[in-house]
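Q: Sharing a model prediction with you, sequence too.
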Amino acid sequence: MTGEKNLEALLAGMRPVQRDGEYVYVLWPYGRTMVEGIEAAVREAEGLTVVLPRAVAEKEGLPYDFVGAWITLQVHSALEAVGLTAAVSKALTDARISCNVLAGFHHDHLLVPVADAPRALEVLAELSARSRQSPPSEPVLRDETPEDREAILALTADAFAVSPVTGLPVEGEPVEVRVLRGLFESREYLPGFSVVAVQGVEVVGHVISTRGWVGEHPLLGLGPLGVTPRLQRHGIGSALMKETISRANAAGESGIALLGSPAYYSRFGFVPATSLGVLPPEESWGDYFQLLPLALWPGGVHGTFRYAEPFSLV
Ligand SMILES: CC(C)(COP(=O)(O)OP(=O)(O)OC[C@H]1O[C@@H](n2cnc3c(N)ncnc32)[C@H](O)[C@@H]1OP(=O)(O)O)[C@@H](O)C(=O)NCCC(=O)NCCS
């Protein structure tokens with residue numbers, strides 16, 4: 001067993017459990033035989049520190065100051081997991097509860113002042129609940145499902161609320177939303193080429209590619225591509241583009257055409273489509289109409305690109 005290393009997952013799955021009894025730290029007398037009941041020991045140059053039940057320390061006549069409650073974080077953490085004890089200590093410190101941390105092979109353990117134990121358990125439960133609610137940092141990419149569609153249309157409306165062409169707010173429903181609604185129902189819809197980025201349960205990005213043509217030669221027509229405004233410039237758009245390109249190569253597609261800013265799409269290898277002999281449906285699109293030739297690009301594909309029918313709305 002390797003143990004969990006992801007901090008969010010560790011915090012989310014953490015179940016703090018209090019052991020019975022009270023525990024104390026004592027300095028074990030040099031040369032005295034160890035007794036039953038010692039729960040932890042640390043050898044230092046100055047002597048041997050042990051943690052043991054208060055009753056045992058009393059019986060042995062050993063002095064102590066700190067009387068603690070023992071809380072075990074019931075999660076199998078890898079010893080090299082980074083940040084669990086820091087996150088837990090910080091939460092307790094913020095609640096003004098002091099704690100001593102002991103790491104065992106399987107679990108981390110906290111000794112907190114006995115009087116603070118109930119509050120400490122509450123703080124730890126809150127910390128764990130917050131981690132369950134907070135979205136994982138990396139979005140997951142997957143095929144869209146029919147249940148995602150309302151969320152995809154809403155995020156597309158948000159992403160295109162300001163026109164990428166004019167930079168001005170759009171009045172009413174952006175045309176991209178109408179195009180997308182049409183594409184979902186169109187003959188040119190391609191399963192496996194409508195991909196969502198999901199963070200937690202929220203759809204935060206979407207890209208679709210549908211069937212397009214140059215004469216009889218099939219290509220992909222990409223778009224719309226949108227990312228939730230508050231999460232733009234975090235790499236989600238790039239991840240969706242790379243995923244589409246990799247799926248297109250795997251599916252034996254030969255090229256992807258799109259209308260968009262060369263400053264953005266050139267980073268993925270897109271070039272002005274005219275440089276490859278493919279003309280935009282509207283001449284005025286110029287170099288904004290771009291093409292990515294894939295591994296199976298045959299060359300010699302010349303003519304005007306035809307998008308899936310719903311693009312006629314543009
Ligand atoms: C365009 C969009 C999909 C990019 O997704 P993203 O997740 O924000 O972008 P990423 O984080 O992957 O990439 C960020 C990089 O792209 C650049 N970029 C983003 N949008 C750009 C644009 N319209 N033109 C030029 N560069 C752009 C950023 O400057 C940044 O560059 P850097 O890495 O050199 O700093 C997203 O911003 C979006 O939804 N915009 C509104 C809708 C839209 O314009 N869709 C595309 C229509 S063609």
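A: That came through, no problem. Keep in mind the model is a prediction, meaning the values are calculated, not measured.
Q: where's the residue in the stretch 51-200 of the chain positioned nearest to the ligand, which helix or strand?
A: Checking the stretch 51-200 of the chain residue by residue against the ligand with Cβ to the nearest ligand atom singles out Pro164 as nearest, at 3.5 Å. For every residue, glycine as well, the C-beta is placed using N, CA and C. Secondary structure here is read from DSSP states H and E; on that basis Pro164 sits in neither a helix nor a strand.
Q: Can you give me the buried ones in the helix or strand that contains Tyr25?
A: Assigned by DSSP H and E, Tyr25 falls within strand 23-28. For strand 23-28, the neighbour count (16 or more other Cβ atoms under 10 Å) marks Tyr23, Val24, Tyr25, Val26, Trp28 as buried.
Q: Tell me which helix or strand comes right after that strand.
A: As assigned by DSSP H and E, the chain's next helix or strand after strand 23-28 is strand 40-44.
Q: The ligand contacts on the chain?
A: Residues of the chain that fall close to the ligand, judged by Cβ under 6 Å from any ligand atom: 159-160, 164, 225-227, 232-238, 260-261, 263-264.
Q: Tell me which of those residues fall in strands.
A: Here DSSP state E is the test, and the residues of the chain next to the ligand give Leu225, Gly226, Val227 as lying in strands.
Q: out of those, who has the most neighbours?
A: Of all those, the most densely surrounded is Gly226 (27 neighbours; neighbours counted as other Cβ atoms under 10 Å).
Q: Now do the same contact list for the residue lying closest to Ala87 once chain neighbours are set aside.
A: Taking Cβ to Cβ, 6 or more residues apart in numbering, and ignoring the residues beside it in sequence, Ala87 has Leu11 as its nearest neighbour in space, at 6.1 Å. Under the criterion of Cβ atoms under 8 Å, 6 or more residues apart in numbering, the contact partners of Leu11 comprise Leu84, Ala87, Leu127, Ser128, Arg130, Ser131.
Q: again, only using 7 Å
A: Contact analysis of Leu11 by Cβ atoms under 7 Å, 6 or more residues apart in numbering lists Ala87, Leu127, Ser128, Ser131.
Q: Could you check which residue of the stretch 151-300 of the chain lies nearest the ligand?
A: Closest residue of the stretch 151-300 of the chain to the ligand, Cβ to the nearest ligand atom: Gly237 (2.0 Å).
Q: confidence score at Glu4?
A: At Glu4 the predicted local distance difference test score is 53.
Q: again but with Glu80, I slipped
A: The per-residue pLDDT of Glu80 was computed as 55.
Q: One more: Ser128?
A: Each residue has a pLDDT score; the one for Ser128 is 89.
Q: The closest residue in space to Val140 that isn't next to it in sequence pairs with what?
A: Beyond its immediate neighbours in the sequence, the residue positioned closest to Val140 (Cβ to Cβ, 6+ apart) is Val198, lying 5.1 Å away. According to DSSP bridges, Val140, Val203 are recorded as the beta-bridge partners of Val198.
Q: residue contacts, Val198?
A: When contacts are counted by Cβ under 7 Å, 6+ apart, Val198 touches Pro139, Val140, Arg142, Val204.
Q: Please, a PyMOL command that selects the buried ones among these?
A: Applying 16+ other Cβ under 10 Å to the contacts of Val198 leaves a buried subset, and the PyMOL line that selects it is:
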select buried, resi 139+204
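Q: now the closest residue to the residue of the stretch 151-300 of the chain closest to the ligand other than its chain neighbours: how far from Gly172?
A: Nearest-residue entry for Gly237: Val227, 5.0 Å, with adjacent residues in sequence omitted and distances by Cβ to Cβ, 6+ apart. Taking Cβ to Cβ, to the nearest Å as the measure, Val227 falls 21 Å from Gly172.
Q: And for the longest helix seen in the chain, what's in contact with it?
A: With residue count as the measure and DSSP state H as the assignment, the chain has helix 117-133 as its longest helix. Taking contacts as Cβ under 7 Å, 6+ apart, the residues outside helix 117-133 that touch it are 8, 11-12, 14, 16, 18, 69, 71, 87-88, 91-92, 95, 97, 112.
Q: Show me the shaky parts of the stretch 51-200 of the chain.
A: Along the stretch 51-200 of the chain, the parts satisfying pLDDT under 70 run over 76-82, 134-137.
Q: where along it do the strands fall?
A: 67-74, 100-103, 108-113, 140-143, 194-199 (DSSP state E, counting those that start in this stretch).
Q: looking at those strands, which is closest to Ala154?
A: Proximity to Ala154, assessed across those by Cβ to Cβ, is greatest for strand 194-199 (12.3 Å).
Q: chain center to that closest one: distance?
A: Between the centre of strand 194-199 and the centre of its host chain there is 11 Å, according to Cα atoms, centre = their mean, to the nearest Å.
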